[in-house]
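J.: Got a sequence here, can you build the structure:
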Amino acid sequence: MILKSVASIGLGVLVALTAATSGFAQTVKIGSKNFTEQFVVAEIYAQALEKAGITVERRLNLGATLIAHSALTSGEIDLYPEYTGTALAAVVKGDLSGSADKIYKDVKDYYEKNLQLTLLEPTQINNGYAIITLPETAEKYKLKTLTDLGPASKELSFGAEGGFGERKDGLPGLKQVYGIEFKDFRIFAKLGIRYSALTSKNIDVSYGFSTDWQIADSNLVVLDDDKHLFPPYYLVPVVRQDALAKNPKIAEVLNKVSPLLTNEIMRDLNAAVERDKKEPKEVAAEFLKEKGI
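T.: I've put the predicted structure just below:
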């Protein structure tokens, strides 16, 4: 009788251990692209999952969009934060026009049908492109909109990373929609050089993102995208469907965190890292603590 009880207990422990190691205890591999906002948001997601009892492996700073995307589709990582407009332009190669909801749905449908990936609930971060210039340049050429920039562009230089010269929502789109053709396109090998090049007047025009703290700090002028070239770029966790099937808690946790992230909050978090020299891990921990997570 005692032996049967011991055997039953042993079998119960074995079943419990098997269940714990068969899926729910699987390590979740989180990646990111190669700039500050990605580091911070990936850390927020990683720490939130850890607080929920999920083991996390960080594989941050993978590279640009297609490198991170390839890591996800190959299984090198299980999830990373992506922008809906970027996914539409770089992966889906779909129509850039449409509402935020339509673009989210188009990307989600394509990812689920073709890539075995899915999108969780989006954040409130819409980190769209902003074409920027110095106040004196805007005043000299009477620039308020991208339509205004069209005729003046032939006298101005533009600086950005190389990829901006090839994207449908980059220089080709600016030319097609607004007739913008700059006299000079200067390619920067590293991210983050755009602002210093602009403020030091090495270039006349560049681009930024809606969550860049430098726009306000440097008193730069954002030209209105009056013909709506740029689609919405809502930040959203993209997850492998097999990882989600093995651990549905991923969605439960991240869907609670994402609505807390807004453009205003993200500007502050980016500034804390780039201007105030805090580590992304520290900034993420402070954010989660403040939000009671």
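
J.: Just the CA trace of stretch 262-269, in PDB.
T.: Output in PDB follows, covering the C-alpha atoms of stretch 262-269 (Å, rounded to 0.1, in the frame of the first residue of the first chain):
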ATOM      1  CA  THR A 262       2.600  56.400 -25.900                       C
ATOM      2  CA  ASN A 263       4.600  58.800 -28.000                       C
ATOM      3  CA  GLU A 264       5.100  61.200 -25.100                       C
ATOM      4  CA  ILE A 265       6.300  58.400 -22.800                       C
ATOM      5  CA  MET A 266       8.600  57.000 -25.500                       C
ATOM      6  CA  ARG A 267      10.200  60.400 -26.100                       C
ATOM      7  CA  ASP A 268      11.000  60.500 -22.400                       C
ATOM      8  CA  LEU A 269      12.400  57.000 -22.300                       C
END
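
J.: for the record, mean pLDDT for it?
T.: Taken as a whole, stretch 262-269 has a mean pLDDT of 94.

J.: So which residues make contact with that stretch?
T.: 37, 40-41, 123-127, 210-213, 216, 283-284, 287 (CB atoms under 8 Å, 6 or more residues apart in numbering). In this view, the C-beta of every residue, glycine as well, is placed from N, C-alpha and C.

J.: Which among the residues you listed count as buried?
T.: Using 16 or more other CB atoms under 10 Å as the burial test, those include 37, 40-41, 123, 125-127, 210-213, 283-284, 287 as buried.

J.: Counting only helices, which of the contacts of stretch 262-269 make the cut?
T.: Under the assignment DSSP state H, these contribute 37, 40-41, 216, 283-284, 287 to helices.

J.: Kindly indicate which of those lies nearest Phe164.
T.: Taking CB to CB as the measure, Phe164 sits nearest to Glu37 out of the ones in helices among the contacts of stretch 262-269, at 16.9 Å.

J.: ok, the closest one to Pro237 distance?
T.: 14 Å (CB to CB, to the nearest Å).

J.: quick revisit: rank the buried ones among the contacts of stretch 262-269 by pLDDT and give me only the lowest.
T.: Taken together, the buried ones among the contacts of stretch 262-269 show their lowest pLDDT at Ser210, with 90.

J.: I figured it hits Ala130, correct?
T.: Yes: at 6.0 Å, Ser210 counts as touching Ala130 under the criterion of CB atoms under 8 Å.

J.: tell me the contacts of Gly179?
T.: Under the criterion of CB under 8 Å, 6+ apart, the neighbours of Gly179 are 150-151, 153.

J.: how about a cut-off of 6 Å?
T.: Contact criterion CB atoms under 6 Å, 6 or more residues apart in numbering gives Gly150 as the residues in contact with Gly179.

J.: quick one: it from Leu261, how far?
T.: Distance, Gly179 to Leu261, by CB to CB: 36 Å.

J.: Ok, Ile250 next?
T.: To Leu261, Ile250 is 17 Å away according to CB to CB.

J.: Between the two, which has more neighbouring residues?
T.: More crowded of Ile250 and Leu261, by other CB atoms under 10 Å: Ile250, with 25 against 22.

J.: what about that one, which helix or strand?
T.: Taking DSSP states H and E as the definition, Ile250 sits inside helix 249-257.

J.: which helices and strands does that helix pack with?
T.: Contact here means 3 or more CB pairs under 6 Å, 6 or more residues apart in numbering; DSSP states H and E; on that basis helix 249-257 packs against helix 36-51.

J.: picking that back up, out of the ones in helices among the contacts of stretch 262-269, which comes closest to Gly75?
T.: The shortest approach to Gly75 among the ones in helices among the contacts of stretch 262-269 belongs to Val41, at 21.4 Å (CB to CB).

J.: domains in this structure, as residue ranges please.
T.: Each structural domain of the chain that the record assigns through the TED database is listed here as a residue range: 28-126+234-291, 129-223.

J.: thinking again about what came up before, now whichever helix or strand comes after the helix holding Ile250: buried residues?
T.: Helices and strands here follow DSSP H and E; after helix 249-257, the next one along the chain is helix 263-274. When burial is assessed from 16+ other CB under 10 Å, helix 263-274 yields the following buried residues: 263, 265-267, 269-274.
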